[in-house]
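A.B. asks: task: produce atomic coordinates for the following.
(chains A, B and C)
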Amino acid sequence: MTSNPPNVYLPDMATIVEVVQETPAIKTFRVVLNNEERMRAFNFEPGQVGQLSVLGVGESTFVINSPPTRKDYLQFSVMKVGELTGRLHRLKAGDQIGVRAPLGNAFPYESMKGKNIVFIGGGIGMAPLRTLLLFMLDNRADYGDITLLYGARSPRDMAYGYEVEEWLQRKDMHTVLTVDNGTPEWKHKVGLIPNILREINPSPENTVAVTCGPPIMIKFTVQALQELGFNDEQVVTTLEKRMKCGVGICGRCNIGTSYVCKDGPVYTLAQLKQLPAEM
Amino acid sequence: MSQHTLELRKLIAEALPGLDVVLAWTSGFSPMTSTPLFIATDEDLDRLDFGPMHVQNLAAYLPSLKGRKVGIVTRGCDSRTIIELLQENLINRDEITIFGISCTGAINIRKVREAVGGEKLRSVETGKDIVSVTTDEGTHTVPLHNVLMDKCYSCQSQTPLIHDHMVTERTGCHLTGEAPESSLDRLDAMEPAARFAFWEESMDRCIRCYACRNACPLCVCKDSCVAQSRDPHWLDQSDTPREKLMFQAIHALHTAGRCTECGECERACPMGIPVLAMKQALNRRIKHLFDYQAGMDEESTPPLFMFRQQEEHIKERDAR
Amino acid sequence: MSTVRFLKARDIAPWLEELSRDRTVLAPAQHGGTIVFCEFDPARGVELSQLSTTPAKRALLPPCETLFEYETTKTLEPPYKTHVELRPTLPQGKAVVFGARPCDARAMQIFDRVYNGEQVKDPYYTARRNNATIVTLACSEQDDTCFCDRVGGSPVDATGSDVLLTPLKAGYVAEALTPKGEELLQSTSFMKAEGLRQEALNARNRILEHVPERSSFLDMERNLLSLFGDLGFWDKTAEACLSCGACTYLCPTCYCFNITDETRGESGRRIRTWDNCMSSQFTLEGSGHNPRPTKAHRMRNRIGHKFSYYPQLHDKTLACVGCGRCVSNCPVSFDIRNAVACAIQQADAAREHAHD
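C.D. replies: Predicted coordinates for the structure are as follows:
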């Protein structure tokens, strides 16, 4: 009689301990698994994702937005776009959600040690970058220069405002903020991310660029990076894809032979070029 | 190759340079099957074939080709679909070139299989009023009349009601004799409880493939289908006769007074469920209430698309 | 030496009835003119004369399966907080699949690699798989839509079967291939038949002699990959397709599923149901972006998955067993054999051209 394998479809129930309204469309949820033992034992790597359940509505995929170095809670940032995210946005502290995590692969943070890192985040794309950024800041000595370019449509649409201020102050990283549409109070750059990136002109020498954002932003950012001399191995991104099972079985999220929920969502540009062009 | 097929090819060849694509048929994986042919080149045209085995309603592709110059080979029943699509502005008349051909009946391959007692079919040949079926056990001769699609028995016109070009080498021939018992006849003869049990059993083997829906030329919801929608959440995804019958009922209601009974829904069903019967029953009601049939007149408005203060056959204020 | 027995045709129904007492029996039966794989009903009997329209896959992957039930309650202390209870509903009980064809049985091994893999195991699938015994009926001949021989199988292939039945005289020679099969053949419905082992082998060889010599669809990966960017090819290939799900749901190897929550009041269940990559909604994202917006994209993915992606991940095994159900049941008679043959031709031509 073979023993039953763990049930990969069964979520852990968790309690929302805090909700932060980042922008009009983005809320951050801080959750703690109800099972203390499992919360203590919960292990993950920066870049991995989870399926959040609102029972009765369904599941959707979000990056674990807090780094593994800070485990008081698990954080997920959610942009309101549809049925599930809409329902999530109506939840408050004390409400119950299901968590199926960690799923997928992680950023190649080991091989990035000793290198300079350039983060380029657009809008909600900042969510996965935040995880890796905080992880690296918590292991600062392992990494070289850290540059962050964070862009949003307008100042209102910038998430993590409370942390961005801190990042701007830090001497051990270089932070540049930009918006498409400025306001009189806006003290930072105004311009599209790829253009500001060209202004910053990071050197590709011993550097890795990590980027995430809307598909069109990634496309032009990658172009700019290539212009600046970054090769395919030096560009890392994380993909968004409709997922269901999260474990590479249900057949929904594949790009050719690669299942984004299992072999991704983190890919280098070199890996993406091996796959059929089907984003 | 028959004269009418040659003539059809000639007509299409002449018009092809001015068209983006012409919809016709060609043989499928065996002489007993057919598949729609999208003619864009002379090479494609060489593959054109026409006969009682070529049964798909090509008009189903027209709405998705709106905006392009499309030719279409059209029989009588197909032309009703085209007219209904025109009535509803789902297609534009000036974008369509209709190659009309008269029809002598479309063969229902399921009925052929039934007629030979389920023996494995090897080939099917059609002659005048007969069908010669060769199976593993031998050759059977079956009257054509016994193995036509249900819709053929209530055919309003073998010749298309509208056309731009007409194949003259062929005239339609009218069906003689009584139509065999249809699914609707059988259902009519049942008590309501038996009827419900019949649908429960039929829906049990339904696999929710939506072939019936996707084959329907008049389905407009398409990707926003209520059967797969969570908002409104009228159906759930479970595999029960209840959910599946609900979908059928909704689809029948959506096509009431619009359905031209082309029969594609029933033909497309891999499980042999007589889904056309529901639509026929509703159309019968529409005919009774509004004296209307879909796809007969380009100018008329389907009765459920409009509202009259006083309907002729609906006596709301009459207690009788 | 494995057990050999004989099963008289007229003993099939009594035997299945006997089995039904302590396990689920799935067998092909006539339902309104269509042969369907379903729970054995003595009143209907079994229909073994032709390939069933629906495959045997529902024994392992049912069209609808509850993953877990959930119930939301309000707590008294602290007041008005919600508590959610989850109750997984793993399948229980044994099953016998009777009258699967070699293509159906082979298909199950294709599921095994994905659902019962090294890294991830699906507990619902493994429970059903471990508790299912597959009794396969070798085919006396191929239909004109069968092409099992072109995808690595054959009408008498025993892969994936616990018992293989070979038609002979007024019944079937039954050979046990696994311990589960051995257990089944202990039933008194079977007659001793050691002497028939050779006759059964001869019968199967005779069947194999009738399989025509034709090209195989194995090793297609390179061809299909090279055609990926040629959307014109896929446009033409998919032009008649209706984007329904007939091919997917009737396919013994298709295994994609959807997960939805279905609630009634305070409680509900999370179910998984067959899903269909030919549907335009399959990859539709919340943002409105769809990586596979047209029939051409989806056809490319379906054929790519079966003849290229899956083999690349699983030792060149094709995710197609050549049963031909998609061909014979497609409302527009789309023929996957044609599409694959055209792809080979097209890719070969492109390679020639590149060398000029």
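
A.B. asks: now do the same contact list for the closest residue to C:His31 other than its chain neighbours.
C.D. replies: Once flanking residues are discounted, C:His31 sits nearest to B:Arg205: 5.1 Å by CB to CB, 6 or more residues apart in numbering or on different chains. Heads up, the C-betas are built off the backbone N, CA and C, glycines and all. Going by CB atoms under 8 Å, 6 or more residues apart in numbering or on different chains, B:Arg205 touches B:271, B:273, C:31-32, C:34, C:36, C:38, C:54.

A.B. asks: quick one: B:Arg205 and C:Pro63, what's the gap?
C.D. replies: 11 Å (CB to CB, to the nearest Å).

A.B. asks: ok, now B:Ile109?
C.D. replies: Noted for B:Ile109: a distance of 26 Å to C:Pro63, by CB to CB.

A.B. asks: and if you look at B:Glu181?
C.D. replies: 32 Å.

A.B. asks: so between these two, which is more surrounded?
C.D. replies: C:Pro63 (18 against 10; other CB atoms under 10 Å in any protein chain shown).

A.B. asks: go through the contacts of B:Arg205 and flag which are in strands.
C.D. replies: C:31, C:34, C:36, C:38 (DSSP state E).

A.B. asks: what about B:Pro232, which helix or strand?
C.D. replies: With elements delineated by DSSP states H and E, B:Pro232 resides in a region that no helix or strand encompasses.

A.B. asks: the helices in the chain, which residues?
C.D. replies: This is for chain A. Using DSSP state H, the helices found in chain A span residues A:36-41, A:83-89, A:126-138, A:161-169, A:193-200, A:215-227, A:269-274.

A.B. asks: nope, chain C
C.D. replies: Using DSSP H, the helices of chain C run over C:12-20, C:102-115, C:123-130, C:179-184, C:197-209, C:221-226, C:231-238, C:246-250, C:295-304, C:310-313, C:325-329, C:336-355.

A.B. asks: closest one to A:Glu185 among those helices?
C.D. replies: helix C:295-304 (45.5 Å; CB to CB).

A.B. asks: that closest one: how far from the chain's middle?
C.D. replies: Put simply, helix C:295-304 sits 20 Å off its chain's centre (CA atoms, centre = their mean, to the nearest Å).

A.B. asks: dump the helices of chain C to JSON lines, plus distance to A:Ala152, mean neighbour count and mean pLDDT.
C.D. replies: As requested, the helices of chain C are arranged in JSON lines below (distance: least, CB to CB, whole Å; neighbours: other CB atoms under 10 Å in any protein chain shown; pLDDT from 0 to 100):
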{"stretch": "helix C:12-20", "distance to A:Ala152": "64", "mean neighbour count": "17", "mean pLDDT": "96"}
{"stretch": "helix C:102-115", "distance to A:Ala152": "40", "mean neighbour count": "23", "mean pLDDT": "96"}
{"stretch": "helix C:123-130", "distance to A:Ala152": "43", "mean neighbour count": "20", "mean pLDDT": "96"}
{"stretch": "helix C:179-184", "distance to A:Ala152": "60", "mean neighbour count": "16", "mean pLDDT": "95"}
{"stretch": "helix C:197-209", "distance to A:Ala152": "67", "mean neighbour count": "15", "mean pLDDT": "95"}
{"stretch": "helix C:221-226", "distance to A:Ala152": "38", "mean neighbour count": "18", "mean pLDDT": "82"}
{"stretch": "helix C:231-238", "distance to A:Ala152": "34", "mean neighbour count": "18", "mean pLDDT": "94"}
{"stretch": "helix C:246-250", "distance to A:Ala152": "41", "mean neighbour count": "25", "mean pLDDT": "97"}
{"stretch": "helix C:295-304", "distance to A:Ala152": "31", "mean neighbour count": "23", "mean pLDDT": "95"}
{"stretch": "helix C:310-313", "distance to A:Ala152": "39", "mean neighbour count": "20", "mean pLDDT": "95"}
{"stretch": "helix C:325-329", "distance to A:Ala152": "48", "mean neighbour count": "23", "mean pLDDT": "96"}
{"stretch": "helix C:336-355", "distance to A:Ala152": "45", "mean neighbour count": "15", "mean pLDDT": "87"}
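
A.B. asks: turn those helices into TSV, including distance to chain B.
C.D. replies: Converted to TSV, the helices of chain C look like this (distance: least, CB to the nearest CB, whole Å):
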stretch	distance to chain B
helix C:12-20	18
helix C:102-115	16
helix C:123-130	15
helix C:179-184	27
helix C:197-209	15
helix C:221-226	21
helix C:231-238	8
helix C:246-250	5
helix C:295-304	9
helix C:310-313	22
helix C:325-329	4
helix C:336-355	7
